[in-house]
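[1] sequence? don't have it. structure:
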Ligand SMILES: CCCCCCCCCCC/C=C/C(=O)SCCNC(=O)CCNC(=O)[C@H](O)C(C)(C)COP(=O)(O)OP(=O)(O)OC[C@H]1O[C@@H](n2cnc3c(N)ncnc32)[C@H](O)[C@@H]1OP(=O)(O)O
Ligand SMILES: NC(=O)C1=CN([C@@H]2O[C@H](COP(=O)(O)OP(=O)(O)OC[C@H]3O[C@@H](n4cnc5c(N)ncnc54)[C@H](OP(=O)(O)O)[C@@H]3O)[C@@H](O)[C@H]2O)C=CC1
């Protein structure tokens, strides 16, 4: 089924060439959207664009790759000028590009802090501001920011959670400031989402970390980029929902799966009274 509101619309997905962003891009292009995907590596976005433009060549949607580091305002402006002059105003913006490296707070250097905060907070803000000024102030639109779970903090990710908490507050603020222009601003908060690129980012311990994380998920599996994509498309196409955060984590933030495993083990006889 095609969502008629998406056909012919123009979207930007940052980090759209890999992982979660690639899943979002595929769902949008399948629904007939023109999707600009932007990241630092031209090769990553070109490869994904070729794949989707071939796979969906008979549909109305297509993918346009851009080399763009969201921290660099000249690259952001160049991309927006090129995209809008060829494809018209931007209807949807998905701020997905970003991430971090894992490090105890006491060891994060000023450069490391700046690299992560400038990507996830500053880059997100100034791309969003430019899209609003160039397009959405006049034509309306929808913005979705991809965050990470914040309620329990994230040991090892002090720089990134600080930036994401900033974006969460930013989304609520912009939802109010830009509501009168027909612009909605929401957040999607992924749980642990498996993709080759996400796992690789954590080096040799990546596979073990993701395997361990699975034990915390009540639905019994890690999330997929497609799980996030459906939530993003919902947020993009629901203009009366604004200033909200949608958690997509298979129930892991409920935090009670260990308790249930113990209780269930007792009830089914798998856990014995004298087990350590
Ligand atoms: C029961 C257990 C459960 C545990 C479950 C855990 C599961 C894993 C986590 C799940 C959550 C997943 C969240 C995700 O976000 S997955 C996304 C994966 N992808 C990314 O994160 C991509 C991120 N990359 C970037 O955005 C950039 O590369 C980054 C901002 C990180 C860096 O920017 P840049 O490349 O421009 O940086 P520079 O090379 O210029 O370096 C600047 C300073 O930063 C330091 N740095 C950079 N990278 C690293 C690194 N990998 N390790 C350490 N330090 C790094 C660098 O040294 C510079 O600082 P100094 O000048 O002081 O040296
Ligand atoms: N996977 C997970 O479990 C979770 C992921 N997230 C968040 O979801 C988002 C996507 O992550 P995921 O798909 O898992 O991992 P990926 O590593 O596959 O995605 C990160 C993407 O961001 C792009 N990117 C990084 N820095 C920049 C920049 N300065 N300018 C433009 N693009 C940039 C990367 O492309 P390039 O390297 O070419 O620039 C890459 O495509 C990230 O913000 C991540 O932190 C949040 C919670 C959990």
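    Yes, it's here. Please read these numbers as outputs of a predicted model, since none were measured by experiment. Numbering: from 1, shown residues only. Ligands and ions are numbered 1, 2, ... in the order given.

[2] what sits closest to residue 215 if chain neighbours are left out?
    The spatially closest residue to residue 215, leaving aside those adjacent along the chain, is residue 257, at 7.6 Å (CB to CB, 6 or more residues apart in numbering). Every residue, glycine included, has its C-beta placed from N, CA and C.

[3] distance of that neighbour relative to residue 221?
    13 Å (CB to CB, to the nearest Å).

[4] who has more neighbours out of those two?
    The neighbour comparison of residue 257 against residue 221 (other CB atoms under 10 Å) goes to residue 257, with 18 against 10.

[5] and the residue nearest to residue 215, what does it touch?
    The neighbours of residue 257, taking CB atoms under 8 Å, 6 or more residues apart in numbering as the test, are 215, 216, 217, 218, 251.

[6] from those residues, which is closest to ligand 2?
    residue 217 (11.3 Å; CB to the nearest ligand atom).

[7] look up the closest residue to residue 147, ignoring the ones flanking it.
    According to CB to CB, 6+ apart, the nearest residue to residue 147 is residue 164 (4.5 Å).

[8] tell me the contacts of the one you found?
    Residue 164 neighbours (CB under 8 Å, 6+ apart): 120, 121, 147, 148, 150.

[9] that's a helix at the first one, yeah?
    Think residue 120. Yes: when DSSP: H, G, I helix; E, B strand; the rest coil is applied, residue 120 is found to be in a helix.

[10] rewinding a little: PyMOL command to pick out the buried ones of the contacts of residue 257?
    Buried members of the contacts of residue 257 can be picked out in PyMOL with the line below, counting by 16 or more other CB atoms under 10 Å:
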select buried, resi 216+217
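
[11] who wins on neighbours among the contacts of residue 164?
    Top of these by neighbour number is residue 120, holding 29 neighbours under the definition other CB under 10 Å.

[12] how about that residue, nearest residue that isn't a chain neighbour?
    residue 163 (3.8 Å).

[13] check residue 264 too.
    Distances taken as CB to CB, 6+ apart put residue 270 closest to residue 264, at 7.9 Å, once the chain neighbours are dropped.

[14] surely that neighbour forms part of a strand?
    No: in this structure, residue 270 is coil, not part of a strand, as judged by three-state DSSP.

[15] picking that back up, mind checking how far the residue nearest to residue 147 is from residue 209?
    Separation of residue 164 from residue 209 (CB to CB) stands at 19 Å.
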